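Trainee: take a look and give me a structure for this.
(2 chains)
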Amino acid sequence: NAGVTQTPKFQVLKTGQSMTLQCAQDMNHNSMYWYRQDPGMGLRLIYYSASEGTTDKGEVPNGYNVSRLNKREFSLRLESAAPSQTSVYFCASRGGLAGDMFGPGTRLLVL
Amino acid sequence: AQSVTQLGSHVSVSEGALVLLRCNYSSSVPPYLFWYVQYPNQGLQLLLKYTSAATLVKGINGFEAEFKKSETSFHLTKPSAHMSDAAEYFCAVSEWGGSQGNLIFGKGTKLSVKP
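Mentor: Numbering: from 1, shown residues only, chains lettered A, B, ... in the order given. The predicted structure is shown next:
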């Protein structure tokens, strides 16, 4: 039981490059989330998926797209990376009242 | 809209001293409230949660929090700090109350523990 896994752990991109952040959970949770964490800003929700086949925008969706590939997997895509997207990205999933389970994060640097 | 305010971005205590991290919330519906801890270079781990049962909630690692509706507060405490408690702590409230909706996070409080 690995919980929530994220790949890659670290990534350096040049401005304008694209990449996909992968997230998977093995807890059979319905809801999954993508957050970004910036110093002094706490966590801000980018996109979420309440169930397989649905996705919705969060607080800061601009510049991102998501895909809920199946119940286990929820990916985040940056089509044209910008320096403002330098951040730590966390995926999370929710199972009832247990609280959200977070992955270890992906550190992204956009030059 | 629901919101969370954490007072103090940095708190420093001596080992063995009381830890008190403050969280105030704003919610138009009965809230569910959470405290998470983040150790350096790791993800967030759930410390404890309030889900409208007992107002005093006990969590992992000796932490507890008390829900005070009259003060709209959910402060996190630990009687005696340990060096291993050094981390960043986040308070969160459910967006629509109860277990519904996304989590709204505070900006975090970084706890330092001095030997």
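
Trainee: so what's A:Met32 closest to, chain neighbours aside?
Mentor: Using C-beta to C-beta, 6 or more residues apart in numbering or on different chains and skipping residues adjacent in sequence, the residue nearest A:Met32 is A:Phe74, 4.0 Å away. Yep, even glycine has a C-beta here, placed from its N, CA and C like the rest.

Trainee: list of residues touching the helix or strand that contains that neighbour?
Mentor: When elements are assigned from DSSP states H and E, A:Phe74 belongs to strand A:74-78. By C-beta atoms under 8 Å, 6 or more residues apart in numbering or on different chains, the surrounding residues in contact with strand A:74-78 are A:13, A:18-24, A:32-34, A:46-47, A:49, A:63-69, A:85, A:89, A:91, A:93.

Trainee: let's see that with 7 Å instead.
Mentor: A:18-23, A:32, A:34, A:46-47, A:49, A:63-69, A:85, A:89, A:91 (C-beta atoms under 7 Å, 6 or more residues apart in numbering or on different chains).

Trainee: what lies in contact with whichever helix or strand comes after it?
Mentor: Counting by DSSP H and E, the element after strand A:74-78 in chain order, helix or strand, is strand A:87-94. If you take C-beta under 7 Å, 6+ apart as the criterion, strand A:87-94 is touched by A:4, A:6, A:21, A:23, A:25, A:27, A:29, A:31-38, A:43, A:74, A:76, A:100-103, A:105-108, B:43-44.

Trainee: can you select the buried ones among those for me in ChimeraX?
Mentor: Restricted to buried positions by 16 or more other C-beta atoms under 10 Å in any protein chain shown, the ChimeraX selection for the contacts of strand A:87-94 reads:
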select /A:4,6,21,23,25,29,31,32,33,34,35,36,37,43,74,76,100,101,102,103,105,106,108 /B:43,44
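
Trainee: still on that earlier bit, return the subset of the contacts of strand A:74-78 lying in strands.
Mentor: Counting by DSSP state E, the part of those found in strands is A:19-23, A:32, A:34, A:46-47, A:49, A:64-68, A:89, A:91.

Trainee: mark which of the residues you listed are buried, thanks.
Mentor: A:19, A:21-23, A:32, A:34, A:46-47, A:49, A:64, A:66, A:68, A:89, A:91.

Trainee: could you dump those residues to a markdown table with pLDDT?
Mentor: A markdown table is the format used below for those (pLDDT from 0 to 100):
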| residue | pLDDT |
| --- | --- |
| A:Met19 | 96 |
| A:Leu21 | 98 |
| A:Gln22 | 97 |
| A:Cys23 | 97 |
| A:Met32 | 94 |
| A:Trp34 | 97 |
| A:Ile46 | 96 |
| A:Tyr47 | 96 |
| A:Ser49 | 93 |
| A:Tyr64 | 97 |
| A:Val66 | 97 |
| A:Arg68 | 95 |
| A:Tyr89 | 98 |
| A:Cys91 | 97 |
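
Trainee: which one of those is nearest chain B?
Mentor: A:Cys91 (8.7 Å; C-beta to the nearest C-beta).

Trainee: beta partners of that closest one?
Mentor: Judged by DSSP bridges, the bridge partners of A:Cys91 are A:Trp34.

Trainee: report pLDDT for residue 82.
Mentor: Answering for chain A, as no chain was given. At A:Ala82, the pLDDT value in this model is 97.

Trainee: please refer instead to chain B.
Mentor: 96.
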